[in-house]
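got a predicted model here, sequence first, then my questions.
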Amino acid sequence: MLQNHLSNGVLTLTFDRPDKFNSFNRELALAVQGGLAEAASNPEVRCVVLTGNGKAFCAGQDLGEAVDPNGPELRTIVRDHYNPIIQAIRELPKPVIAAVNGVAAGAGANIALACDIVVASEYASFIQAFSKIGLIPDSGGTWTLPRLVGFQRASALMMTGDKVGAADALAMGMIYKVFPADSFGEQVVALAEQMAQMPTKGLALTKAALNASGTNDMKDQLDLEETLQTEAGQTYDFNEGVQAFLEKRAPNFKGR
């Protein structure tokens, strides 16, 4: 259901329902919540990667569960399954990378777009599939996507449900990079390990500033930057970074 693998400071959480294109059911959603909670509490984790097993990243909600009369209601699915995942990704004081290996549809697309860095295989695609079945985008999509690609384009993608290929997603600013399929795994590992070796306390404070920028006015944001910069300046990693620069050597950051 969910594979967890920790190596070199990188915790990789792999959606593992390949026969269902890694669509979410309650079990998978709760497992992902648990994996993100483990990442937050484990000091050995310096970076998190979300990815999928098989051809898909995540096809969104398992509709069989959604229409099962004995299954959870849509309200429960949104409130208890997806919202806590999005909140955990944004509040996690460590970088989260979405490694989109294939199709990311519906909630799967919006979980990816909530991550700090989104990279995709050249064969990946993103679909706001909700309109195809009469629903609205959830999992933070109505907040995230307009900020990435603009109101008009987000509105069109959500209403048409058009598929966006990796190259187009890159061109419109939806994602960070596209990697060739034959080296996708290696390049994701290299990026994640690079992030894990960085001053992750400072990255966490950067993330906090970015989160606040969606609602702050300029003065409030300047005040927040002052507060967070002061906190960053008191970290071990700041001192190490300065000393390494002065001594012309590579820094050894510890994430504290």
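That came in fine, so what should we check first? Numbering: from 1, shown residues only.

what about Ser183, neighbour count?
Other residues within reach of Ser183, judged by other C-beta atoms under 10 Å, total 11. Using the backbone N, CA and C atoms, a C-beta is placed for each residue, glycine as well.

likewise the one 4 residues further on?
Burial measure for Gln187: 16 neighbouring residues, criterion other C-beta under 10 Å.

checking my notes, it in a helix, right?
Yes - using DSSP: H, G, I helix; E, B strand; the rest coil, the assignment for Gln187 is a helix.

so what's the closest residue in space to it that isn't next to it in sequence up against?
Spatially, and ignoring its direct neighbours in sequence, Gln187 is nearest to Phe179 (4.4 Å; C-beta to C-beta, 6 or more residues apart in numbering). Counting by C-beta atoms under 8 Å, 6 or more residues apart in numbering, Phe179 makes contact with Val119, Ala120, Ser121, Glu122, Gln187, Val188.

I'd guessed the fifth one sits against Ser121; true?
No - the pair Gln187 and Ser121 does not pass the contact test of C-beta atoms under 8 Å, sitting 9.6 Å apart.

tell me, what's touching those two both at once?
Phe179, Pro180.

those strands in the chain, which residues are they?
2-7, 10-15, 47-52, 56-58, 96-100, 103-105, 117-121, 125-127, 163-165, 177-179 (DSSP state E).

which one of those strands lies closest to Phe245?
Of all the strands of the chain, it is strand 47-52 that lies closest to Phe245, at 22.9 Å by C-beta to C-beta.

the closest one pairs with which strands, and in what direction?
Strand pairing for strand 47-52, determined by DSSP bridges: strand 10-15 (parallel), strand 96-100 (parallel).

tell me the angle the last one makes with strand 117-121.
Right, the one you point to is strand 96-100. 20 degrees (axes from the mean of the first three to the mean of the last three C-alpha atoms, to 10 degrees).

same question for the longest one.
Relative orientation of strand 10-15 with respect to strand 117-121: 60 degrees, computed using the same axes, to 10 degrees.

just send the strands of the chain back as TSV, with distance to Arg256 too.
Converted to TSV, the strands of the chain look like this (distance: least, C-beta to C-beta, whole Å):
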stretch	distance to Arg256
strand 2-7	18
strand 10-15	18
strand 47-52	15
strand 56-58	32
strand 96-100	19
strand 103-105	33
strand 117-121	22
strand 125-127	36
strand 163-165	39
strand 177-179	28
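
how about those strands in JSON lines, adding mean pLDDT?
Output for the strands of the chain, formatted as JSON lines (pLDDT from 0 to 100):
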{"stretch": "strand 2-7", "mean pLDDT": "98"}
{"stretch": "strand 10-15", "mean pLDDT": "98"}
{"stretch": "strand 47-52", "mean pLDDT": "98"}
{"stretch": "strand 56-58", "mean pLDDT": "98"}
{"stretch": "strand 96-100", "mean pLDDT": "98"}
{"stretch": "strand 103-105", "mean pLDDT": "98"}
{"stretch": "strand 117-121", "mean pLDDT": "98"}
{"stretch": "strand 125-127", "mean pLDDT": "98"}
{"stretch": "strand 163-165", "mean pLDDT": "98"}
{"stretch": "strand 177-179", "mean pLDDT": "98"}
